[in-house]
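> Predicted coordinates and the sequence they were generated for:
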Amino acid sequence: MFFYLFTDVHGCISEKFAAMIIKQFEDKNLSHYSYAVIDGNEMVIIDPSRNPHPYYDFADENNVVIKAVIETHPHADFVSSHLEIHQVTNARIYSSKLIGAKYPQQPFDEGQSFTLGKLKLTAWNTPGHSPDSITIILENEKGKDIAAFTGDTLFIGDCGRPDLREKAGNIHQKREELARRMFHSLKRFHSLNDEVIIYPAHGSGSFCGRNLSTESSNTIGKERKYNWCLQPMQEREFVKALLEGQPFIPKYFGYDVDMNVKGAPAYFESIGKVSIGGSLKNNKESHFLNREILIVDTRTPAKFKAFSLDNSINIPEDLQFETWLGTIIAPYEKFYLVAENLFLLKQIISRTAKIGYESFIVSAYVLHDEIHIAPSFDLTDFSLHPDDYTIVDVRTEAEAAAGSFTNSLHIPLHSLRNNIKSIPENKPIVVHCASGYRSAIGSSIIRRSLKNNHTKVHDLGEAIKSFDLSD
């Protein structure tokens with residue numbers, strides 16, 4: 001058996017094993033991988049993203065029928081299109097019975113299998129990231145294992161975090177218990193031959209793990225050599241290592257788990273319901289907006305600093321926009337959406353739908369702001385007299401522990417809106433992170449929430465790179 005790699009017009013990586021095709025789709029914004037497997041005239045989709053149309057296109061390109069869609073677990077960081085694919089194509093949805101699915105489900109648990117052409121797909125129950133996680137083992141026509149679709153159980157270089165299901169989903173389980181279950185689930189991968197290829201649901205940058213590799217797949221043989229969580233160790237040692245240093249949990253994660261248990265509404269139909277208003281130029285033209293509702297301005301930090309609407313915060317349209325939107329804005333909190341042109345506005349509405357937040361948009365607008373000059377910040381004065389400023393550090397606990405400004409106030413960005421009252425307003429405020437993106441968001445949140453409108457709020461931005469904060 002042989003395979004080779006090629007890149008198609010969508011920039012997606014595919015692998016051909018003789019007549020069989022495995023295609024990996026990547027959503028870089030969410031560091032998410034989904035898959036299509038083809039053999040004969042049939043196709044299976046694994047862990048699809050919110051927009052199902054790239055999978056339909058791939059099926060049409062290969063003149064195959066979509067037979068099934070598999071969910072390795074109810075995802076926390078994105079909304080899946082499994083229900084819509086079923087409704088459109090009549091494909092069966094395979095997932096663990098432990099999910100307590102509210103959608104039409106074909107239970108797919110330990111030892112259960114189905115065929116795809118001459119191939120066989122078999123479920124392993126591999127709890128740890130969630131109580132209802134499964135791994136799918138792909139066998140060729142000779143009964144040889146050739147691939148494992150591991151969902152959020154085993155990543156390249158890491159394994160799934162165990163702390164997302166304490167309050168979400170059909171089954172709640174403490175992180176310590178899930179970490180112990182992960183220890184035993186991972187032992188199963190030692191039974192696979194070295195050449196079996198691991199296909200995870202996420203890569204570097206995902207909040208579903210801690211230190212994921214930039215590699216999108218690997219052989220289990222290499223993972224056994226280099227992945228920390230597959231090394232020999234005692235259960236207690238593993239649990240301690242897995243629980244330490246996990247990133248914060250974005251606010252939307254539990255909401256997405258519950259939505260995926262039910263199944264999301266159809267993608268294009270849902271984003272089509274978002275009200276797109278006209279263009280705004282200044283605060284006078286926005287007088288009709290509800291002052292109780294937050295405005296999320298997605299323009300660049302430079303444009304936001306030069307001019308912004310009252311009651312707005314800045315979450316720039318950048319690589320991790322979805323994650324930060326779902327971190328700053330809680331589920332069910334209504335908001336307005338603003339972008340600098342109609343094309344970007346529609347793109348951002350689509351990206352908002354990836355985490356199921358499109359129904360929370362009251363209306364969306366293009367902001368054609370008049371020419372403004374951003375307020376100046378005297379970086380030299382700040383460098384010479386930092387004590388004349390209140391310095392707010394919005395980095396993570398781990399980043400701040402590695403070094404910070406003397407007497408700075410550390411409030412991680414994900415908890416900033418809940419801790420605004422702890423920031424004194426008697427001096428100008430300077431906000432910083434590690435590169436400038438989070439500080440743009442943080443400074444806009446503080447500026448909007450100040451009681452004293454005379455207190456200046458400055459974003460240190462990329463200038464932070466000129467300071468040495470190491471201890």
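Yep, it's here. Residues are numbered from 1 along each chain as shown.

> In which helix or strand does residue 181 reside?
Take DSSP states H and E as the rule and residue 181 turns out to sit in helix 175-187.

> Show me what counts as buried in that helix.
Under the neighbour-count criterion of 16 or more other CB atoms under 10 Å, helix 175-187 has 175, 177-183, 185-186 buried. C-beta coordinates here come from the backbone N, C-alpha and C atoms, glycine included.

> can these go into TSV with extra columns for pLDDT and distance to residue 261?
Listed next are the buried residues of helix 175-187 as TSV, based on pLDDT from 0 to 100; distance: CB to CB, whole Å:
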residue	pLDDT	distance to residue 261
175	96	20
177	97	20
178	98	17
179	97	23
180	98	24
181	98	20
182	98	21
183	98	26
185	98	21
186	98	25
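
> With respect to residue 114, which of these is nearest?
Relative to residue 114, the closest of those is residue 185; by CB to CB it sits at 21.9 Å.

> check contacts around that closest one.
If you count contacts by CB atoms under 8 Å, 6 or more residues apart in numbering, residue 185 has them with 125-128, 133, 153.

> try residue 164
Taking CB under 8 Å, 6+ apart as the contact definition, residue 164 lies against 76, 129-130, 208, 249, 253-254, 257.

> What's the local residue count around the nearest residue to residue 25 once chain neighbours are set aside?
Using CB to CB, 6 or more residues apart in numbering and skipping the chain neighbours, the partner closest in space to residue 25 is residue 34 (4.7 Å). Neighbourhood size, residue 34 [other CB atoms under 10 Å]: 24.

> tell me which element residue 34 falls in.
Assessed by DSSP H and E, residue 34 sits inside strand 32-39.

> How is this structure divided into domains?
Domains of the chain are assigned by automatic domain parsing as 3-259, 267-367, 379-466.

> Is it possible to get TSV of these that adds distance to residue 373?
Below are the domains of the chain laid out as TSV (distance: least, CB to CB, whole Å):
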stretch	distance to residue 373
domain 3-259	32
domain 267-367	6
domain 379-466	15
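
> In this structure, where is pLDDT below threshold?
For the chain, the stretches with pLDDT under 70 are 1-18, 471.

> show me where it has helices.
53-61, 82-89, 175-187, 220-226, 235-243, 253-262, 267-271, 301-306, 321-328, 342-353, 379-384, 397-401, 437-449 (DSSP state H).

> Show me which positions of the fifth one end up buried.
Within helix 235-243, the residues that count as buried by 16+ other CB under 10 Å are 238-239, 242.

> how about residue 412, what does it touch?
248, 394-397.

> By neighbours, which of these wins?
Counting by other CB under 10 Å, top hit in the contacts of residue 412: residue 394 with 26 neighbours.

> From what I see, it and residue 439 are in contact.
Yes: applying CB atoms under 8 Å, one finds residue 394 in contact with residue 439, separated by 6.1 Å.

> Quick check: the residue nearest to residue 25 vs residue 328, distance?
According to CB to CB, to the nearest Å, residue 34 stands 26 Å off from residue 328.

> same check, this time on residue 42
Using CB to CB, residue 42 is found at 43 Å from residue 328.

> circling back to that earlier point, who's in contact with the strand holding residue 34?
Residues from elsewhere that reach strand 32-39 (CB under 8 Å, 6+ apart): 19-27, 43-49, 55, 58-59, 62, 64, 77-78, 116-119, 121, 138, 149, 199-203, 206, 216.

> Check stretch 426-443 too.
Residues outside stretch 426-443 that contact it (CB under 8 Å, 6+ apart) are 301, 304, 313-316, 318, 320, 324, 328, 382, 388-395, 399, 405, 413, 416, 423, 446, 455-462, 464-465.

> burial count for residue 380?
When neighbours are counted by other CB under 10 Å, residue 380 registers 8.

> I meant to write residue 465 there.
Neighbours of residue 465 using other CB under 10 Å come to 11.

> which non-adjacent residue is nearest it?
Residue nearest to residue 465 in three dimensions, not counting chain neighbours: residue 435, with 7.2 Å by CB to CB, 6+ apart.

> who's in contact with residue 145?
Contacts of residue 145 by CB under 8 Å, 6+ apart are 137-139, 192-193, 196.

> one more time with 7 Å, if that's ok
137, 139, 192-193, 196 (CB atoms under 7 Å, 6 or more residues apart in numbering).

> Turn those into CSV, including distance to residue 103 and neighbour count.
Listed next are the contacts of residue 145 as CSV, based on distance: CB to CB, whole Å; neighbours: other CB atoms under 10 Å:
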residue, distance to residue 103, neighbour count
137, 24, 20
139, 27, 17
192, 31, 20
193, 35, 11
196, 30, 19
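
> Just confirm residue 210 contacts residue 159, I think it does.
No: checked against CB atoms under 7 Å, the pair residue 210 and residue 159 is beyond contact range at 8.9 Å.

> what's the neighbour count on the spatially closest residue to residue 224 that is not a sequence neighbour?
Of all residues not flanking residue 224 in the chain, residue 230 sits nearest, at 5.1 Å (CB to CB, 6+ apart). For residue 230, the count of nearby residues is 17 (other CB under 10 Å).

> Quick check: residue 230 vs residue 107, distance?
Distance from residue 230 to residue 107, by CB to CB: 29 Å.

> Drop anything exposed from the contacts of strand 32-39.
20-27, 43-49, 55, 58-59, 64, 77-78, 116-117, 119, 121, 138, 149, 199-203, 206, 216.

> ok, now how distant is residue 116 from residue 80?
20 Å.

> what does residue 192 give?
Remark: distance between residue 192 and residue 80 (CB to CB) = 26 Å.

> Check residue 234 too.
From residue 234 to residue 80 the distance is 36 Å (CB to CB).

> who has more neighbours, those two?
residue 80 (28 against 9).

> and stretch 227-234, which residues are buried?
Within stretch 227-234, the residues that count as buried by 16+ other CB under 10 Å are 227, 229-230.

> For the spatially closest residue to residue 76 that is not a sequence neighbour, give its distance to residue 259.
What sits nearest to residue 76 in space, not counting adjacent residues and going by CB to CB, 6+ apart, is residue 253, at 4.0 Å. Counting by CB to CB, the gap from residue 253 to residue 259 is 11 Å.

> likewise residue 332?
Distance, residue 332 to residue 259, by CB to CB: 12 Å.

> circling back to that earlier point, pull out the buried residues from the contacts of stretch 426-443.
Among these, those scoring as buried are 301, 304, 313-316, 320, 324, 328, 382, 389-395, 399, 405, 413, 416, 423, 446, 455, 457-461, 464 (criterion: 16+ other CB under 10 Å).

> May I ask which two of the contacts of residue 164 are separated the most?
The two members of these with the most space between them (CB to CB) are 129 and 254, at 14.4 Å.

> Of those two, which one has the most company?
Applying other CB under 10 Å to residue 129 and residue 254 shows that residue 129 carries more neighbours, namely 31 against 18.

> so who does the more buried one touch?
Residue 129 sits next to 73, 152-153, 160-162, 182 when contact means CB under 7 Å, 6+ apart.

> circling back to that earlier point, just give me the closest of the contacts of residue 185 to residue 361.
residue 133 (31.7 Å).

> Tell me how many other residues crowd the spatially closest residue to the closest one that is not a sequence neighbour.
Leaving aside its chain neighbours, residue 133 sits nearest to residue 73 (4.3 Å; criterion: CB to CB, 6+ apart). Close neighbours of residue 73, defined as other CB under 10 Å, add up to 29.
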